[in-house]
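1. sequence isn't available, so here's the structure alone:
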C-alpha cells in the first residue's frame, strides 16, 4: 500500500518529515510521496531519514503546486521531480516571495479591520519552518482566543469571500504542469472532484492539461464516493492518463483523516506507484 499525497509541517501538516516516516512504518506503507504546498523543504530530511531507518518506506520527492483556473484553486501534484533543479527552485523562491507579500497584507487587514493582533513575524515564530497557509492563520486565531473553531476562521476571516482574504499569485494549471515536467517530474491533477466543475468543464480542463503534458490524475482520494472514483477513472481512460491516489494527510489539521487509509476505506495499490515511477525514471 502507498500514499502519494501527504503533507508535513513544512507546509500545513502537523507531523515533521521524520515523524511522517516513522508513522508510515507504523501504517505499513511501502512508499509515500511528500507533497507539501509549493515547498520542498522537508524532502531532504524525509528521504535521508528513510534511507537510514530499517523498514522505512520509499519517500517519493513531491510537491503540490497552486494554480488558478477560471477563479478556482486547482492543484497539480508533482512526483519524482529533481527537486534540486535550479529552475524549479527559482520558481518556488519567486512564489515564496509573492506569498510573503500576500501574508503581510492579510495580517495588516486582520489587524486594522478585525482588531486581531497578528503579524507575519508572529505566525513564523509560532509555526517555525512552515510555509504559512490559511490553516496557520486559523490555528493562530484559535489558540489566541479570537475564534472558537477552525471553521469559524474560514467563515468569518480567511475564507475565499471574506473581507480579509488576499488571493495568492498563481500559475495556470498548464504552467504548473510545465514547471513539473521541466524538473523531470510526473504531473498529476490533484483531487479533481473537489473543484466542483461541471462534467463539461472538468473534461475541458483535463483535455487542456493533457495537451500541456499531464501524465496522471488523482482517481483515488479520501473523500471520493465510489461513483466519483469511477467517473475519474473513466476520464483517465478517455485521455490515457495514469491513475494516482492519496489521502491528502495533514495530521491534526484534518481530524479523522489518516495516513494511507484516509477516512478508513482508502487503498492505493503498489502497482499505481510502480506505473508512475516507471514514467519518472525515463
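-> Thanks, I have it. Just so you know, these numbers come straight off a predicted model, no measurement behind them. Numbering: from 1, shown residues only.
2. outline the domain layout of this protein.
-> For the chain, whose domains are defined here by automatic domain parsing, the residue ranges read 2-91+169-280, 100-158.
3. worst mean pLDDT among those domains?
-> Per-stretch mean pLDDT for those is lowest at domain 100-158 (a mean of 92).
4. and it, how far apart are its ends?
-> Using CA to CA, to the nearest Å, one end of domain 100-158 lies 16 Å from the other.
5. do the same with stretch 189-200
-> When the termini of stretch 189-200 are compared using CA to CA, they are 16 Å apart.
6. residue numbering should commence at 30 henceforth.
-> Let's use 30 as the start, then, which means that last one is stretch 218-229.
7. what does that stretch contact?
-> 34, 93, 98, 101-106, 202, 231, 234-235, 238, 243, 245-247, 250, 252-253, 257, 260-261, 264, 277 (CB atoms under 8 Å, 6 or more residues apart in numbering). (C-beta placed from N, C-alpha, C; glycine too.)
8. dump the domains of the chain to a markdown table, plus mean neighbour count.
-> Converted to a markdown table, the domains of the chain look like this (neighbours: other CB atoms under 10 Å):
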| stretch | mean neighbour count |
| --- | --- |
| domain 31-120+198-309 | 19 |
| domain 129-187 | 17 |
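9. could you pull out the helices for this structure?
-> Taking DSSP state H as the criterion, the chain contains helices spanning 46-55, 72-80, 115-143, 149-155, 163-172, 179-182, 202-211, 228-241, 255-267, 299-309.
10. tell me which other helices or strands the shortest one touches.
-> Helix 179-182 makes packing contacts with helix 163-172 when contacts are defined by 3 or more CB pairs under 8 Å, 6 or more residues apart in numbering; DSSP states H and E.
11. list the beta-bridge partners for the residue most central in space within the chain.
-> Compute the mean C-alpha point of the chain, and by CA atoms, centre = their mean the closest residue is residue 93, 4.1 Å away. Counting by DSSP bridges, residue 93 is bridged to residue 66, residue 106.
12. could you check how far it is from residue 209?
-> Between residue 93 and residue 209 the distance is 10 Å, computed by CB to CB, to the nearest Å.
13. can you list residues touching both of those two?
-> Joint contacts of residue 93 and residue 209 (CB under 8 Å, 6+ apart) are 105, 107.
14. for the helices of the chain, give me JSON lines that also has distance to residue 281.
-> Shown next, in JSON lines, are those (distance: least, CB to CB, whole Å):
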{"stretch": "helix 46-55", "distance to residue 281": "12"}
{"stretch": "helix 72-80", "distance to residue 281": "19"}
{"stretch": "helix 115-143", "distance to residue 281": "22"}
{"stretch": "helix 149-155", "distance to residue 281": "15"}
{"stretch": "helix 163-172", "distance to residue 281": "9"}
{"stretch": "helix 179-182", "distance to residue 281": "10"}
{"stretch": "helix 202-211", "distance to residue 281": "28"}
{"stretch": "helix 228-241", "distance to residue 281": "31"}
{"stretch": "helix 255-267", "distance to residue 281": "26"}
{"stretch": "helix 299-309", "distance to residue 281": "26"}
